[in-house]
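Enquirer: The amino acid sequence is not available; the structure is as follows:
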């Protein structure tokens with residue numbers, strides 16, 4: 001493959017995965033893998049400007065998400081706070097305040113590490129909620145805020161109007177629960193509770209938001225009608241009376257010395273709190289004083305946020321444990337002599353990957369500096385005293401199953417690709433049974449976890465050896481539910497080959513790519529014997545995808561799994577038949593709601609006539625099939641001059657000749 005072809009292949013692959021992430025909300029690769037491909041493309045484009053293209057993914061910042069939230073203009077600007085990192089800076093703040101006003105009092109409160117929102121109430125009832133945005137304009141997330149239990153939908157007093165400001169956060173217990181579930185599902189886990197809260201609040205489906213266990217602390221009155229408030233402490237007490245969950249342990253003090261003492265006390269407690277804080281806030285209490293002090297173009301002059309510095313300590317690295325994640329990635333964890341950091345006892349720290357270990361020069365026995373900042377897991381910063389020889393090296397085989405591990409070019413991750421690896425079992429089972437894969441109704445994540453824990457399933461093919469009587473004996477199961485599971489398992493054997501290929505979890509191969517593979521080669525044996533060059537003849541496949549297929553089926557464990565599934569009667573043939581080629585070379589995009597067809601049904605008809613379907617409208621689109629409530633795709637088609645057809649016109653096109 002020459003440079004131009006390599007660049008074009010990377011662009012196609014990146015666009016495909018960008019579409020899966022932004023438009024389908026079902027990413028197939030981890031962010032890191034995407035970033036490494038993007039970095040490779042950027043380097044190639046910089047080295048070969050003659051192949052520059054305005055359509056390249058590198059010309060777009062992360063793609064464009066489908067943002068369904070309406071804009072909200074804030075009547076009262078949602079300002080950010082000036083940061084301070086030392087006692088001297090806090091006392092400088094006090095001097096500036098005291099130069100402008102006299103007899104000042106302060107209120108000290110923790111700075112919650114979350115997402116700032118505005119809540120508006122009309123006649124005591126929740127009217128609207130929005131994000132801070134840029135301070136002047138935010139996004140309307142009212143539907144998602146309504147499902148947060150500690151946000152009152154009706155206040156204890158029917159004030160004509162009140163707008164309050166609060167911080168939506170994810171408690172540590174909720175965060176740990178969400179991350180555990182993400183790991184089980186093979187998803188990239190949230191890095192910290194703040195990212196988790198932000199991502200959860202901006203979900204399109206409020207049911208997802210409700211499942212994340214978000215909470216809120218309200219800390220400010222932005223504006224109010226029907227009440228006279230003269231100080232911050234009074235307003236916080238008033239908010240509590242109205243039914244709000246106010247910022248905890250706020251304290252009114254008479255001097256900056258007392259204020260800083262409160263800041264230090266909050267800092268000592270932060271490791272024991274059930275929520276993350278990244279500092280403490282000192283605010284002038286009196287509202288008239290605030291009015292006199294005013295604001296700069298960025299910050300109010302009447303408040304300052306003290307940010308706690310990341311705490312660092314030295315300790316011995318006594319061991320390195322190697323874990324295999326749900327996606328097969330080997331992750332090293334440093335085992336440390338326990339040390340007290342940020343209010344907690346730390347005995348483990350992340351080492352990320354082999355590149356990180358090499359960069360830091362880390363090995364067992366070394367004295368290292370450990371830091372715990374905003375993230376849940378501490379990190380090793382550097383080696384202070386080298387007591388070992390060389391750097392720690394990853395094993396050449398998977399510590400869970402003993403199969404060889406691989407590191408693809410351009411990747412930092414070293415992974416096991418054995419589909420039967422015990423460490424990846426639950427994640428693989430969940431994917432295998434999911435709707436777009438083998439669609440085994442009744443075998444959801446929790447039930448699969450129960451079956452694994454009880455020893456019913458030790459590898460994927462054990463799904464087809466489940467015993468109805470043994471299932472019925474489990475607590476919470478009855479004969480009917482056990483029978484339904486077995487029936488669904490049996491029915492899955494008749495699925496088309498495309499669904500099985502997707503169920504196998506081949507890297508870079510999504511549901512549509514799996515179907516294209518099945519349609520091209522017709523049966524599993526042809527696919528297993530296909531070369532990279534053979535697979536590259538499929539329109540839409542590139543080198544990365546073709547190599548992933550060949551690599552997967554070259555492994556003994558994959559061959560054994562296919563043999564086991566074949567032995568229990570799982571279909572290994574493609575049932576897709578192209579009736580005619582009237583749509584050969586054509587690409588259709590479906591948008592809106594069709595009256596007589598599900599989208600999947602219309603797509604199947606198009607493909608049976610030699611055509612393709614895509615989720616993106618581009619200049620290469622042949623037709624856009626538009627139903628009721630069509631959105632941005634219809635607008636884009638009209639802008640590009642792409643033919644738009646109705647359902648009736650589509651039916652004319654597919655009539656038997």
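Expert: Cool, the structure landed. Fair warning: this is a prediction, and the values are worked out from it, not measured in the lab.

Enquirer: Give me the phi and psi angles of residue 484.
Expert: Dihedral pair for residue 484: phi -60, psi -40, per degrees, to the nearest 10.

Enquirer: For it, which residues are in contact?
Expert: With contacts defined as C-beta atoms under 8 Å, 6 or more residues apart in numbering, the neighbours of residue 484 are 441-442. No exception for glycine: its C-beta is placed from N, CA and C like everyone else's.

Enquirer: does residue 119 really touch residue 167, like I thought?
Expert: No: at 11.3 Å, residue 119 does not count as touching residue 167 under the criterion of C-beta atoms under 8 Å.

Enquirer: average pLDDT across stretch 271-281?
Expert: Predicted confidence along stretch 271-281 averages 88 (mean pLDDT).

Enquirer: list the buried ones in that stretch?
Expert: By 16 or more other C-beta atoms under 10 Å, the buried positions in stretch 271-281 come out as 273, 275-281.

Enquirer: for the stretch 301-450 of the chain, what spans make up the strands?
Expert: 303-307, 311-324, 330-341, 344-350, 367-372, 379-385, 405-406, 415-416 (DSSP state E, counting those that start in this stretch).

Enquirer: any chance of those in a markdown table, plus distance to residue 50 and mean pLDDT?
Expert: Compiled in a markdown table, the strands of the stretch 301-450 of the chain are given as follows (distance: least, C-beta to C-beta, whole Å; pLDDT from 0 to 100):
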| stretch | distance to residue 50 | mean pLDDT |
| --- | --- | --- |
| strand 303-307 | 48 | 94 |
| strand 311-324 | 44 | 91 |
| strand 330-341 | 40 | 90 |
| strand 344-350 | 42 | 85 |
| strand 367-372 | 45 | 90 |
| strand 379-385 | 42 | 91 |
| strand 405-406 | 34 | 89 |
| strand 415-416 | 35 | 88 |
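
Enquirer: For those strands, could you give me JSON lines that also reports distance to residue 55?
Expert: Rendered in JSON lines, the data for the strands of the stretch 301-450 of the chain read as follows (distance: least, C-beta to C-beta, whole Å):
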{"stretch": "strand 303-307", "distance to residue 55": "42"}
{"stretch": "strand 311-324", "distance to residue 55": "39"}
{"stretch": "strand 330-341", "distance to residue 55": "36"}
{"stretch": "strand 344-350", "distance to residue 55": "38"}
{"stretch": "strand 367-372", "distance to residue 55": "42"}
{"stretch": "strand 379-385", "distance to residue 55": "39"}
{"stretch": "strand 405-406", "distance to residue 55": "32"}
{"stretch": "strand 415-416", "distance to residue 55": "32"}
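
Enquirer: Quick one: those as JSON lines, columns for mean neighbour count too.
Expert: Converted to JSON lines, the strands of the stretch 301-450 of the chain look like this (neighbours: other C-beta atoms under 10 Å):
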{"stretch": "strand 303-307", "mean neighbour count": "22"}
{"stretch": "strand 311-324", "mean neighbour count": "16"}
{"stretch": "strand 330-341", "mean neighbour count": "17"}
{"stretch": "strand 344-350", "mean neighbour count": "16"}
{"stretch": "strand 367-372", "mean neighbour count": "19"}
{"stretch": "strand 379-385", "mean neighbour count": "16"}
{"stretch": "strand 405-406", "mean neighbour count": "18"}
{"stretch": "strand 415-416", "mean neighbour count": "23"}
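
Enquirer: Show me where the stretch 501-650 of the chain has its strands.
Expert: Read by DSSP E, counting those that start in this stretch, the stretch 501-650 of the chain holds these strands, from start to end of the chain: 587-591, 612-614, 623-626, 644-645.

Enquirer: buried stuff in stretch 238-246?
Expert: The neighbour-count check on stretch 238-246 (16+ other C-beta under 10 Å) flags 238-239, 242-246 as buried.

Enquirer: returning to what we had before: which of the strands of the stretch 501-650 of the chain has the lowest mean pLDDT?
Expert: Per-segment mean pLDDT for those reaches its minimum on strand 612-614, at a mean of 83.
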